[in-house]
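# Here's my sequence, what's the structure:
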Amino acid sequence: MSARRPARRIGRGRRSGRRKGAGLEQLLLFGLLAVVVFSLVVGALRWLAAHPWGVVFVAVAAVCAAAAWWWRRAETVRWEQVRAQGLRYAVEQLDRLHHRQFEFAVRDLMHRDGCQDARQVGGRGDNGADVKATDPYGRRWVIQCKHRKDGWAGKPVGTPDLHVLNGTGRQIHGGDVLVMLTNGRITGNAVEFAKDQRLHLVDRHVLAQWAAGSRPLWELLRQVPPPRKPSSLS
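Numbers count the residues shown, from 1 in each chain. This next block holds a predicted model:
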């Protein structure tokens with residue numbers, strides 16, 4: 001037993017020595033790096049002091065770089081606007097989307113038509129609103145989307161589907177134009193209910209016409225509320 005103890009102490013001493021050696025190497029490396037960086041900074045300052053025009057050159061280069069970055073950003077925004085204005089969908093494309101992607105497509109179409117604040121809000125606890133937007137005339141749109149994988153052959157949108165939108169669209173979301181939108185069909189009873197409650201319906205046929213880019217949605221619907229404010233489009 002007494003012969004083994006010195007061996008253990010020697011092993012621990014070696015490990016401790018290795019750790020100290022590694023720490024010393026890291027410290028030396030850090031110190032060397034700091035000296036190199038400091039030397040570079042001092043050398044750059046001395047060069048600038050001896051060549052004042054260098055300061056001007058650096059400043060001009062920085063301004064040019066900033067201007068180039070701003071120009072590229074402005075071009076990106078401009079092309080995004082052009083792309084949005086030219087956005088087109090065939091209704092068959094919309095059929096193939098996931099229901100959440102369908103909501104984002106509706107948001108993009110509203111944005112294309114000039115609703116700068118259009119956003120997708122559908123999800124758990126959405127209180128019957130999947131897309132909200134303000135059109136160029138100041139009217140607040142609240143849209144509930146019903147995506148049908150089978151399109152016109154899928155389950156039709158009925159009166160019960162309109163109840164939530166009718167109960168929350170104005171009271172909770174403050175909507176001026178409440179829209180039930182589907183890539184499928186709508187029952188006759190739902191059409192009559194919508195007329196009585198001043199709701200607007202977009203079925204597959206109207207959606208196809210709108211998504212193709214013919215006219216803004218407010219020009220395709222009947223009895224849309226009057227504008228809230230003047231617009232350059234009026």
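# can you pull out the strands in this structure?
119-120, 131-134, 140-146, 177-182, 200-202 (DSSP state E).
# Turn the ones you listed into CSV, including distance to His111 and mean pLDDT.
Placement of C-beta: from N, CA and C, glycine included. Compiled in CSV, these are given as follows (distance: least, C-beta to C-beta, whole Å; pLDDT from 0 to 100):
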stretch, distance to His111, mean pLDDT
strand 119-120, 9, 96
strand 131-134, 8, 97
strand 140-146, 12, 97
strand 177-182, 15, 98
strand 200-202, 17, 98
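# I'd like those strands written out as CSV, with distance to Thr168 and mean neighbour count added.
As requested, those are exported to CSV (distance: least, C-beta to C-beta, whole Å; neighbours: other C-beta atoms under 10 Å):
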stretch, distance to Thr168, mean neighbour count
strand 119-120, 17, 18
strand 131-134, 12, 23
strand 140-146, 8, 24
strand 177-182, 9, 24
strand 200-202, 15, 22
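# how about those strands in TSV, adding distance to Arg107?
As requested, those are exported to TSV (distance: least, C-beta to C-beta, whole Å):
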stretch	distance to Arg107
strand 119-120	5
strand 131-134	5
strand 140-146	9
strand 177-182	11
strand 200-202	14
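# Trp152: which of the ones you listed is closest?
Closest to Trp152 of the strands of the chain, according to C-beta to C-beta: strand 177-182, at 9.7 Å.
# so how far is the closest one from its chain's centroid?
Chain-centre distance of strand 177-182: 22 Å, with C-alpha atoms, centre = their mean, to the nearest Å.
# quick one on the thing from earlier: so for Pro225, which of the strands of the chain sits nearest?
It's strand 177-182; of the strands of the chain, that one is closest to Pro225 (C-beta to C-beta) at 6.2 Å.
# so what strands line up beside that closest one?
strand 140-146 (parallel), strand 200-202 (parallel) (DSSP bridges).
# what ranges do the helices span in this protein?
5-50, 52-85, 91-95, 99-112, 159-168, 188-197, 204-211, 217-220 (DSSP state H).
# domain ranges for this protein?
5-83, 91-220 (automatic domain parsing).
# Out of those, which is the most enclosed?
When you average the neighbours per residue for each of those (mean count of other C-beta atoms under 10 Å), domain 91-220 leads with a mean of 18.
# end to end, how far does it reach?
Chord length of domain 91-220, first to last residue, is 16 Å (C-alpha to C-alpha, to the nearest Å).
# Could you do stretch 175-190 as well?
Note: stretch 175-190 ends 20 Å apart using C-alpha to C-alpha.
# Figure out how far it is from the centre of its chain.
On C-alpha atoms, centre = their mean, the centre of stretch 175-190 falls 26 Å from the chain's centre.
# Show me the shaky parts of this protein.
1-22, 54-55, 71-72, 74-85, 230-234 (pLDDT under 70).
# so who does the residue nearest to the spatial centre of the chain touch?
For the chain, Arg119 is the residue whose C-alpha lies nearest the centre (C-alpha atoms, centre = their mean; 8.5 Å). Neighbour list for Arg119: 107, 131-133 [criterion: C-beta atoms under 8 Å, 6 or more residues apart in numbering].
# picking that back up, will you turn the helices of the chain into CSV that also has distance to Val177?
Output for these, formatted as CSV (distance: least, C-beta to C-beta, whole Å):
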stretch, distance to Val177
helix 5-50, 62
helix 52-85, 21
helix 91-95, 21
helix 99-112, 11
helix 159-168, 11
helix 188-197, 12
helix 204-211, 14
helix 217-220, 7
